[in-house]
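Undergrad: turn this into a structure:
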Amino acid sequence: MAATLTVYGMDDTPRGKLLSAAARLFRVQGYDRTTVRDIAAAVGIQSGSIFHHFASKEDILFAVTMEVIRFNTERMRLATEGVADPEQRLRGLIRAELQSIVGDTQEAMIVLVRDWRCLADDKQKEALAVRAVYEGYWMQALNDLQVEGRLDADPMVMRRLINGMTSWTSNWFDADGSLDMDGLTEVILQRAVTANGGTSA
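TA: This is a model prediction of the structure:
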């Protein structure tokens, strides 16, 4: 099973254990079917003890959502930091997004994609504002490729196509199969850029 929220600083603290257990239960059972009692039982505490950390089940979902967005936004920043060539930046972004979807934050990413609309409108807006920073790294690389004449497609459309390719990998990718994440990165990059005039060198 993929690692959960523990990978980004939520290891052995009571709060971290709660978020890790919640992410796992939300993924397996779904947000609606998971109770506070279920989460408490998973970490071996009384259900009332959860309210020392979170006011409601929705607040737990919100914390899972925000933690995984922030962590993977930082991953995007590191993937592009100091990289001038936009195609190389795009390669780094694809590889980083694959890592988030089928690697160390897989469970929380599934919860984010499937359940974030269970949040109240104000929490959705806050999550989307943070997500916009994440998407900004993608749009910068794709816009730069277009300016250089290495991308014919609309950058927003291409971003949606890439996201479709990376997101679907959670349904079929096997880390022990013949194609590793680096190889898959190259396959996606070639379809995103080479067909539009890039070099993928």
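Undergrad: packing partners for the lengthiest helix in the chain?
TA: Identified as the longest helix of the chain according to DSSP state H is helix 121-147. Helix 121-147 sits against helix 57-80, helix 86-102, helix 155-168, with contacts defined as 3 or more CB pairs under 8 Å, 6 or more residues apart in numbering; DSSP states H and E. All C-beta spots, glycine's among them, are computed from the backbone N, C-alpha and C.
Undergrad: ok now that helix, how far from the chain's centre?
TA: Between the centre of helix 121-147 and the centre of its chain there are 13 Å (CA atoms, centre = their mean, to the nearest Å).
Undergrad: pLDDT of it, averaged?
TA: The average pLDDT within helix 121-147 is 96.
Undergrad: could you give the angle of that helix to helix 155-168?
TA: Per axes from the mean of the first three to the mean of the last three CA atoms, to 10 degrees, the angle that helix 121-147 makes with helix 155-168 is 110 degrees.
Undergrad: may I see the buried residues of helix 121-147?
TA: The neighbour-count check on helix 121-147 (16 or more other CB atoms under 10 Å) flags 123, 126-127, 131, 134, 137-138, 140-142, 144-146 as buried.
Undergrad: contacting residues around the residue lying closest to Leu90 once chain neighbours are set aside?
TA: Counting by CB to CB, 6 or more residues apart in numbering, Leu90 lies nearest to Ala141, which is 4.7 Å off, once chain neighbours are set aside. If you count contacts by CB atoms under 8 Å, 6 or more residues apart in numbering, Ala141 has them with 80, 86, 89-90, 93.
Undergrad: okay, now the nearest residue to Leu142 once chain neighbours are set aside: neighbour count?
TA: Distance criterion CB to CB, 6+ apart; nearest residue to Leu142, sequence neighbours excluded, is Pro155 at 3.7 Å. The local packing of Pro155 (other CB atoms under 10 Å) involves 18 other residues.
Undergrad: wait, Pro155 sits on Asp144?
TA: No: using CB atoms under 8 Å, Pro155 is not in contact with Asp144; the gap is 9.1 Å.
Undergrad: which residues of the chain score low on pLDDT?
TA: Applying pLDDT under 70 to the chain picks out residues 1-11, 194-201.
Undergrad: mind doing that once more with 90?
TA: 1-17, 20, 47, 104-105, 107, 152, 175, 191-201 (pLDDT under 90).
Undergrad: I'd say Tyr31 and Leu61 touch.
TA: Yes: Tyr31 is within contact range of Leu61, at 5.9 Å (criterion: CB under 8 Å).
Undergrad: out of the two, which sits in the more crowded spot?
TA: Leu61 (24 against 21).
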